[in-house]
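Visitor: What follows is a predicted protein model with its sequence.
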Amino acid sequence: MTKRLPLPVRRALSLTDEAHDRLRRLNAQYGLANNYLLVVLLENLDKFSDPEKLDAVFQDFITQYGAPKKD
């Protein structure tokens, strides 16, 4: 019997076209909806990501687009 992962609804998600296209390709490959794909990616990020490269990607993004001010 297949287990189901209950996912509470948090809020709508806005993506760039490139990010959405990537999710669609992953969906086609693995047959998982976007919410499940994001759960798998985020919960397992440390298993497949180099921390230094990830930090560099975030720093590049912040340099280009800025970051929201913390309250």
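Guide: On my side now, so go ahead. Numbers count the residues shown, from 1 in each chain.
Visitor: what ranges do the helices span in this protein?
Guide: For the chain, the helices defined by DSSP state H occupy 17-30, 34-43, 45-48, 51-65.
Visitor: for the ones you listed, which one ends up most surrounded?
Guide: helix 34-43 (a mean of 13; mean count of other CB atoms under 10 Å). Quick note: C-beta positions are derived from backbone N, CA and C, even for glycine.
Visitor: What ranges in the protein fall below the confidence cut-off?
Guide: Counting by pLDDT under 70, the chain shows no low-confidence range.
Visitor: Not counting sequence-adjacent ones, nearest residue to residue 37?
Guide: residue 26 (5.1 Å; CB to CB, 6 or more residues apart in numbering).
Visitor: Surely residue 39 and residue 7 touch.
Guide: Yes. The criterion here is CB atoms under 8 Å, and residue 39 meets it with residue 7 at 6.8 Å.
Visitor: centroid residue for this protein?
Guide: Closest to where the C-alpha atoms of the chain average out (CA atoms, centre = their mean) is residue 38, at 4.5 Å.
Visitor: coming back round to it: I'd guessed the residue nearest to residue 37 sits against residue 33; true?
Guide: No. Using CB under 8 Å, residue 26 is not in contact with residue 33; the gap is 10.2 Å.
Visitor: Good, wrapping up.
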